[in-house]
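Peer 1: build me a model from this:
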Amino acid sequence: MAVLAGEEHAISPEAFLLNVQSSLNYPLITLGERPITLGTLLAGAVIVVAALVISKTLRRSLRGIASRRSGFSPSSLYTMERLTHYVVLVLGSFFALSVVGIDFSKLALVASALSVGIGFGLQAIFSNFVSGLIILVERSLKVGDYVQLESGVIGVVSEIRVRATLITTLENAEVVVPNSEFVNGKVTNFTLSNNFCRLRIPFGVAYGTDKERLREVVLAAVAAQHQT
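Peer 2: Down below sits the predicted model:
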């Protein structure tokens, strides 16, 4: 009898699949004419993950092409990688939103809500994001440039992020600078058009020092430095 009862309460694979399908198709939120279900949310998440994977694959391909061609500079490669990542991620996000069921005809409401949010608290973040895009497209600032900001920060640009740029100082300290500071403020770029720059390092010696011997010693010390 116990075996018979177990057989009576056993769920067939067809019934299990129907239960899963009904759970995935259960409407959670209705926006416009299309309801948002668990299945559409999962599909949107899969599309976003796929966009990240595609972006990573394309960036790896760009690095492979750059390694075989001498015309690609590290700064150009970095700019292409960042722009490729942003474009693929934006396209994937829009496609994921359409699969989820968000009606793009209602984007005016979303844009107005975003404008209110930007006005109240996201203005700085949005400004830094747009400034980062301007820096990448205009290429007035590149990875590896030796720069000095109006605030007095001086060092090498090591990374240009979405919100801020990372600068490594001569003391090997990493300074996070908002991107808007590079667009709105005065920036001295010592290596904008070429990789050569001149540094003035004043020093003093004792009176009566042999000038010719001093010149030989200083030039030898400078020549021993890397990339000098």
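
Peer 1: how about residue 200, secondary structure?
Peer 2: coil (DSSP: H, G, I helix; E, B strand; the rest coil).

Peer 1: try the one 4 residues further on
Peer 2: Per three-state DSSP, the secondary structure class of residue 204 is coil.

Peer 1: who's in contact with it?
Peer 2: For residue 204, the contact set (CB atoms under 8 Å, 6 or more residues apart in numbering) is empty. C-beta coordinates here come from the backbone N, C-alpha and C atoms, glycine included.

Peer 1: so what pLDDT did residue 59 get?
Peer 2: Note on residue 59: pLDDT of 83.

Peer 1: what secondary structure does it sit in?
Peer 2: Classified using three-state DSSP, residue 59 is helix.

Peer 1: my read: it touches residue 87, true?
Peer 2: No: Residue 59 is not in contact with residue 87 according to CB atoms under 8 Å; the separation is 11.5 Å.

Peer 1: show me which of those two is the more surrounded one.
Peer 2: residue 59 (18 against 12; other CB atoms under 10 Å).

Peer 1: residues in contact with the more buried one?
Peer 2: Contacts of residue 59 (CB under 8 Å, 6+ apart): 81, 84-85.

Peer 1: between the residues you listed, which is nearest residue 163?
Peer 2: residue 85 (14.6 Å; CB to CB).

Peer 1: in which helix or strand would I find the closest one?
Peer 2: helix 74-100 (DSSP states H and E).

Peer 1: and if you look at residue 159?
Peer 2: strand 154-160.

Peer 1: got a list of contacts for that strand?
Peer 2: With CB under 8 Å, 6+ apart as the criterion, strand 154-160 contacts 78, 82, 132, 135-136, 141-148, 165-170, 173-175, 179.
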